[in-house]
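> generate coordinates for the sequence data below:
(one chain, ligands or ions: 2)
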Amino acid sequence: MKKLSFLIQIVVFCCLSLYIQAQSLSPQVVASGGTVLTAGGYSLAYTVGETATATLSSGSNILTQGFHQPDLQTLVKMLAKVYLQGPFNGATMNTSLQTAPSVFPLAQPYGGAPWNYNGAENLLSVPANAVDWLFVELRDASFNPVAGGKRAVLLLSDGTLRDVDGTAGATFTGAVPGNYYIIVRHRNHLAVMSAAQITLPNALAYDFTTAAAQAFGPNQQKALTGGAFGLYAGDFNADGVITVADFNFFSANAALINVYNDADANLDKQITVADFNLYQPNASTIGIQQVRY
Ligand SMILES: [Ca+2]
Ligand SMILES: [Ca+2]
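Numbers count the residues shown, from 1 in each chain. Ligands and ions are numbered 1, 2, ... in the order given. Modelled structure (predicted):
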């Protein structure tokens, strides 16, 4: 009798399970907005997604918190230190672009030629120690560009980089951890590339300032006062070589005041003989092939 009771229980359970598995639920969605549109015998229902509430990052992943989760994205952090010859003052770099009246742009300035970088990096306000914008790139072992490997960042007066997301260094969204050459560009200095591949993300900043040889190729950085090294000033058209074309650019913009202008080699907002004097000794300096446009 006990066996029969047990058997009946199993049968009931199985039937119940089948019933549960067989039932169908009407598709439903809980959303804060949306509607159903009908036209010509067709109807279209849509919902409006919930507002994302926060973006979190950890390691090489970022996650946008909300009711709908987008694809997980990878990111790579890159820390570096670099000086620009023009604004270098013997210990740090001047931040004159933002002294009143500030000409420091809130949006990254590398959208035009020769960079043609369409990144949306921008600021709500300029950090007090920001010198200017830089444009940094990652290159693979064959020096080729990589997915997600471009970013406009801030250069701080101590030579370190700061991303517009508020963190130190550059944040390459869409790039994956690995070994990369780092290219650092500034709109009127000769661009450089790291002497070796750097394993990213890096906890210790790659320091271009300690030796000319920290940049790939011979004679790619200028010896500065105090024993440091920095990017050569005077590549006014940013094509990777300092030539008469740069002088012509300077000449066409000479005497402008309170401007954010690529002829301003020392980044003091004025186009004066001081900028020519930075250019002149650097004329005929040629950047490595990998940084030239
Ligand atoms: Ca040039
Ligand atoms: Ca100037």
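
> for ligand 1, see how far away Phe247 is.
9 Å (Cβ to the ion, to the nearest Å). Yep, even glycine has a C-beta here, placed from its N, CA and C like the rest.

> now do the same contact list for that residue.
Phe247 makes contact with Phe276, Tyr279, Ala283, according to Cβ atoms under 8 Å, 6 or more residues apart in numbering.

> of these, grab the buried ones for ChimeraX.
Here is the ChimeraX selection string for the buried members of the contacts of Phe247, based on 16 or more other Cβ atoms under 10 Å:
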select :276,279
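
> of the contacts of Phe247, closest to Phe88?
Ranked by distance to Phe88 (Cβ to Cβ), the contacts of Phe247 are led by Tyr279 at 15.1 Å.

> test my guess that the closest one contacts Gly234.
Yes: using Cβ atoms under 8 Å, Tyr279 is in contact with Gly234, at 3.4 Å.

> now do the shared contacts for these two.
Common neighbours of Tyr279 and Gly234 (criterion: Cβ under 8 Å, 6+ apart): Ile242, Asp246, Ala265.

> just the ones of those in helices?
With DSSP state H as the criterion, helices contain Asp246 from among these.

> isn't there a helix covering Asp275?
Yes: under DSSP: H, G, I helix; E, B strand; the rest coil, Asp275 sits within a helix.

> next, count neighbours for the closest residue to it other than its chain neighbours.
Distances taken as Cβ to Cβ, 6 or more residues apart in numbering place Ala265 nearest to Asp275, at 4.2 Å, with adjacent residues excluded. Residues lying near Ala265 (other Cβ atoms under 10 Å) number 28.

> ok, the shared contacts of Tyr279 and Gly234 vs ligand 1, which is closest?
Among those, Asp246 lies closest to ligand 1 (Cβ to the ion), at 4.3 Å.

> let's verify the spatially most central residue of the chain: helix, strand, or coil?
Nearest to the geometric centre of the chain sits Arg151, at 2.3 Å (Cα atoms, centre = their mean). For Arg151, the assignment made with three-state DSSP gives strand.

> please renumber so the chain begins at 323
Noted, 323 is the first residue going forward, which turns the last one into Arg473.

> from Ile564, how far out is it?
25 Å (Cβ to Cβ, to the nearest Å).

> what of Ala442?
Counting by Cβ to Cβ, the separation of Ala442 from Ile564 is 31 Å.

> so for the two, which residue has more residues nearby?
Neighbour comparison, Ala442 and Ile564: the larger count goes to Ile564, with 26 against 9 (by other Cβ under 10 Å).

> surely the more buried one touches Pro603?
No: using Cβ under 8 Å, Ile564 is not in contact with Pro603, being 9.8 Å away.

> the residue of the stretch 373-522 of the chain found nearest ligand 1: neighbour count?
Proximity of the stretch 373-522 of the chain to ligand 1 (Cβ to the ion) peaks at Leu512, 8.1 Å away. Leu512 sits with 29 neighbouring residues when counted by other Cβ under 10 Å.

> pretty sure it contacts Asp568?
No: here Leu512 lies out of contact with Asp568, judged by Cβ under 8 Å, at a distance of 10.0 Å.

> now for the two: what residues contact both?
Gly556, Asp557.

> and Asn570, that one's in a helix?
Yes: looking at Asn570 with three-state DSSP, it is inside a helix.

> what's the local residue count around it?
12.

> ok, now Leu397?
Neighbours of Leu397 using other Cβ under 10 Å come to 19.

> likewise for Thr547?
Count around Thr547 with other Cβ under 10 Å applied: 9.

> now do the contacts for it.
Contacts of Thr547 by Cβ under 8 Å, 6+ apart are Phe410, Gly412.

> let's go with 10 Å and repeat that
Residues counted as contacts of Thr547 (Cβ atoms under 10 Å, 6 or more residues apart in numbering) are Phe410, Asn411, Gly412, Ala413.

> check Gly434 too.
Residues near Gly434 by Cβ under 10 Å, 6+ apart: Arg509, Ala560, Asp584.

> now the last one: how far from ligand 2?
With distances taken as Cβ to the ion, Asp584 is found 11 Å from ligand 2.

> against ligand 1, how distant is that residue?
With Cβ to the ion as the criterion, Asp584 and ligand 1 are 10 Å apart.

> what distance do you get for Val358 to Val563?
In this view, Val358 and Val563 are 62 Å apart by Cβ to Cβ.

> phi and psi next, for Pro603.
phi -70, psi -20 (degrees, to the nearest 10).

> in the stretch 373-522 of the chain, what residue is nearest ligand 2?
Gly408 (7.7 Å).

> wait, that residue sits on Asp584?
No: in this structure Gly408 lies outside contact range of Asp584 using Cβ atoms under 10 Å: 11.2 Å.
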